[in-house]
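S.K.: how would this look folded up:
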Amino acid sequence: MTTDTALDIDGLIDPADAEAGPGTLRITDPRDGSLVGDIDASTPDEVYAAVRRSVDASAAWAATPPAQRGQAVRRAAHALAERAEELAELNERETGKPRGDALGGVGAGVDTLLQYSELGPVHRGRSLLGTLPNVDFSVPRPRGVTVALSPWNDPVAVAAGIIGAALVMGNTVIHKPSERCPHTGELLGRILAEALPDGVLVSVVGGGDVGDRLVAHEGTRVVAHVGSTAAGEAIARRAAGTPTHVIRENGGNDPLLVDAGVDPAWAAAQAALGSFANAGQICTSVERIYVHRDIADRFTAALVAEAERWNSSGDLGPLVDERMRDAVHEQVAEALTEGARALVGGHVPDGPGSRYPATVLVDCTADMTVMTAETFGPVAAVQVVADFDEALARASDDRYGLAATVLTASMEHAQRAAAELPVGTIKVNGVFGGAPGGAAQPRGRSGSGFGYGPELLDEMSTTTVVHLGLPVLDAGDPHAATAPAEAAAGSARAGAGDTPLVDAPVEPASTADDAR
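M.R.: Residues are numbered from 1 along each chain as shown. Reported below is the predicted structural model:
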């Protein structure tokens, strides 16, 4: 795997201006269109070799005491912290993520690794209530080779969470970053791998074909994917009928409900933050807004002012590339032809790069694509509703179920939202925030499984139940103690509380080069 670019980062990148060839990922800076670099995608042989390395390292890593695994992950976290500026600069150049946000993402990655380095060693099984003198208990076991497919919009924090949770539970990891930020992902993988035993963390780069080979390989046991719904559902179909466990956090169409009784200016600031932060390229960005008619005019006026401030302040970065900008503008243009009005923004600006202005659309209707699909851009699409009941009904009428936000002065409405919204994460009176360790399961087409928190450790492990009974000793052996008759009888009895023995673990499958 070779890399050519105009940016010299610790020997990772060698300046060059050659044309990108077949199998090469060419990355340009979305701020101005300048070349960031070319990087060769991993070949099929390199992908299969990565799986073999990971499988070969699995047994020794699984046998490493949990405390030592935690120490290794802690070393990796410290190594990442030392290279934070370097990674943030590269992330900014590849994806346009503002430097402060990029640094925050690296910091979040460091914190997540440190958290898992502490949580892993104390993650425990359970003692079960059987029939004495038998002993019954359950223990977590590593699943095996884990494929981490991380996104471009938060490439360090998300990858670090998946990698850290997998490693502390005794799994080896193959990391494939998004093809939109391969240099960032490659450097991240190299920094972390240098703090770990050989083969415990391996990196590959490339597009969907590389990911498909990893998912389909019979050596893979876990796939953790954060990305689009289309890709996530393809992964789930590919893994169906195999031993591979799939964890997905995919697209969302997150609603914001603005109730009567809240300060319209405060609500508008929250809506702007949720819609425009990172140019709307956050998994839980606000995608559609339902505002109570009693405050709709004041809210809309304040939201326009917020959008204009975002457009003039320099806080709004570009979209990741022109393809993404075209997709966002297509939704906006379609809404305008169907009767929506753009009070600010709504056009493709002149100049290089892939910038798009903070946009406020009003007079939106439920059937517009901008209200039914994930836009993933700096667009605030507003629909006025008669009351909270209508807002709740419209917010719930969706195929996705990632997150939702409710701004309300009513405790009753907050409790109803928490009980009735069919999403994994519900935020009341704040579009972002939450305690460390929070974990949720996405609903609908937004994915499946826990992607964060202590629960991710359960996703990264299997559970073995052990039934331990007393043996009947050989009475003719003069060196053997005689087991009490009542103990032997008790061991043979099938008490009502006994747990049956589980089947022996299946041996790992062959790692033959089979992409199926």
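S.K.: Show residues contacting whichever helix or strand L80 is part of.
M.R.: Assessed by DSSP states H and E, L80 sits inside helix 66-82. By CB atoms under 8 Å, 6 or more residues apart in numbering, the surrounding residues in contact with helix 66-82 are 61, 64, 87, 106-107, 109-110, 113-114, 116-118, 120-121, 123, 156, 160, 164, 167-168, 170, 188, 191-192, 194-197, 200. Where you see a C-beta, it was placed from the backbone N, CA and C, and this is true even at glycine.
S.K.: Looking at those, which are in helices?
M.R.: In this view, those that belong to helices under DSSP state H are 61, 87, 106-107, 109-110, 113-114, 116-118, 120-121, 156, 160, 164, 167-168, 188, 191-192.
S.K.: and the residues you listed, which are buried?
M.R.: Burial by neighbour count, 16 or more other CB atoms under 10 Å: within the ones in helices among the contacts of helix 66-82 this picks out 61, 87, 106-107, 109-110, 113-114, 116-117, 120-121, 156, 160, 164, 167-168, 188, 191-192.
S.K.: most centrally placed residue in the chain?
M.R.: Using CA atoms, centre = their mean, the residue of the chain that lies closest to the mean C-alpha position is V226, 4.0 Å off.
S.K.: which residues does D56 contact?
M.R.: Here D56 is in contact with G199 (criterion: CB under 8 Å, 6+ apart).
S.K.: do the same with H347
M.R.: Contact partners of H347, counting by CB under 8 Å, 6+ apart, are H329, P357.
S.K.: Tell me the gap between the helix holding L80 and the middle of its chain.
M.R.: In terms of CA atoms, centre = their mean, to the nearest Å, the gap separating the centre of helix 66-82 from the centre of its chain is 21 Å.
S.K.: then that helix to CSV, C-alphas only?
M.R.: Extracted C-alpha coordinates of helix 66-82, given in CSV (Å, rounded to 0.1, in the frame of the first residue of the first chain):
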residue,chain,number,x,y,z
PRO,A,66,-7.8,-8.9,30.8
ALA,A,67,-5.7,-6.5,32.9
GLN,A,68,-2.9,-6.7,30.5
ARG,A,69,-5.2,-6.1,27.5
GLY,A,70,-6.5,-3.0,29.3
GLN,A,71,-3.0,-1.8,29.8
ALA,A,72,-2.2,-2.2,26.1
VAL,A,73,-5.3,-0.2,25.2
ARG,A,74,-4.3,2.5,27.7
ARG,A,75,-0.9,2.7,26.0
ALA,A,76,-2.7,3.1,22.6
ALA,A,77,-4.8,5.9,24.1
HIS,A,78,-1.8,7.8,25.3
ALA,A,79,-0.1,7.3,21.9
LEU,A,80,-3.2,8.8,20.2
ALA,A,81,-3.2,11.8,22.5
GLU,A,82,0.4,12.6,21.6
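S.K.: List the buried residues for that helix?
M.R.: For helix 66-82, the neighbour count (16+ other CB under 10 Å) marks P66, R69, G70, A72, V73, R74, R75, A76, A77, A79, L80, A81 as buried.
S.K.: by contact count, what packs against the helix or strand harbouring V202?
M.R.: Assigned by DSSP H and E, V202 belongs to strand 201-203. Judged by 3 or more CB pairs under 8 Å, 6 or more residues apart in numbering; DSSP states H and E, the packing partners of strand 201-203 are helix 44-63, strand 173-176, helix 182-193.
S.K.: switch the cut-off to 10 Å
M.R.: Judged by 3 or more CB pairs under 10 Å, 6 or more residues apart in numbering; DSSP states H and E, strand 201-203 is in contact with helix 44-63, strand 145-149, helix 155-168, strand 173-176, helix 182-193.
S.K.: May I see the ones you listed arranged in a markdown table, with distance to P255 as well?
M.R.: Converted to a markdown table, the helices and strands packed on strand 201-203 look like this (distance: least, CB to CB, whole Å):
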| stretch | distance to P255 |
| --- | --- |
| helix 44-63 | 39 |
| strand 145-149 | 27 |
| helix 155-168 | 23 |
| strand 173-176 | 32 |
| helix 182-193 | 31 |
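S.K.: These: which one's closest to S138?
M.R.: helix 44-63 (17.2 Å; CB to CB).
S.K.: For this structure, which residues score under the pLDDT cut-off?
M.R.: Within the chain, the ranges that satisfy pLDDT under 70 run 1-22, 480-516.
S.K.: Give me the domain ranges for it.
M.R.: Following automatic domain parsing, one finds the domains of the chain at 47-250, 255-441.
S.K.: Deepest in the core, which of those domains is it.
M.R.: Across the domains of the chain, averaging neighbours per residue (mean count of other CB atoms under 10 Å) puts domain 47-250 on top, at a mean of 21.
S.K.: just how off-centre is whichever strand or helix holds V465 within its chain?
M.R.: In this structure, V465 sits in strand 461-468 according to DSSP H and E. Computed by CA atoms, centre = their mean, the chain-centroid distance of strand 461-468 equals 28 Å.
S.K.: And for stretch 155-175?
M.R.: When distances are taken as CA atoms, centre = their mean, stretch 155-175 is centred 11 Å away from the chain's centroid.
S.K.: do stretch 276-290 as well
M.R.: Centroid separation between stretch 276-290 and its chain, computed with CA atoms, centre = their mean, is 16 Å.
S.K.: can you offset everything so residue one is 21?
M.R.: Yes, from this point I'll number from 21; that puts the last item at stretch 296-310.
S.K.: Would you mind measuring the gap between the ends of that stretch?
M.R.: Distance across stretch 296-310, first residue to last, is 17 Å (CA to CA, to the nearest Å).
S.K.: Quickly run through the sheet partners of the strand holding V485, with directions.
M.R.: strand 155-162 (antiparallel) (DSSP bridges).
S.K.: quick one, the partner strand and helix 86-102 angle?
M.R.: Orientation check (axes from the mean of the first three to the mean of the last three CA atoms, to 10 degrees): strand 155-162 against helix 86-102 gives 30 degrees.
S.K.: Tell me which residues of stretch 477-496 come out buried.
M.R.: L477, D478, E479, M480, S481, H487, G489, L490.
S.K.: Next, format the residues you listed as JSON lines and append distance to T385.
M.R.: Shown next, in JSON lines, are the buried residues of stretch 477-496 (distance: CB to CB, whole Å):
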{"residue": "L477", "distance to T385": "44"}
{"residue": "D478", "distance to T385": "42"}
{"residue": "E479", "distance to T385": "39"}
{"residue": "M480", "distance to T385": "43"}
{"residue": "S481", "distance to T385": "47"}
{"residue": "H487", "distance to T385": "61"}
{"residue": "G489", "distance to T385": "67"}
{"residue": "L490", "distance to T385": "72"}
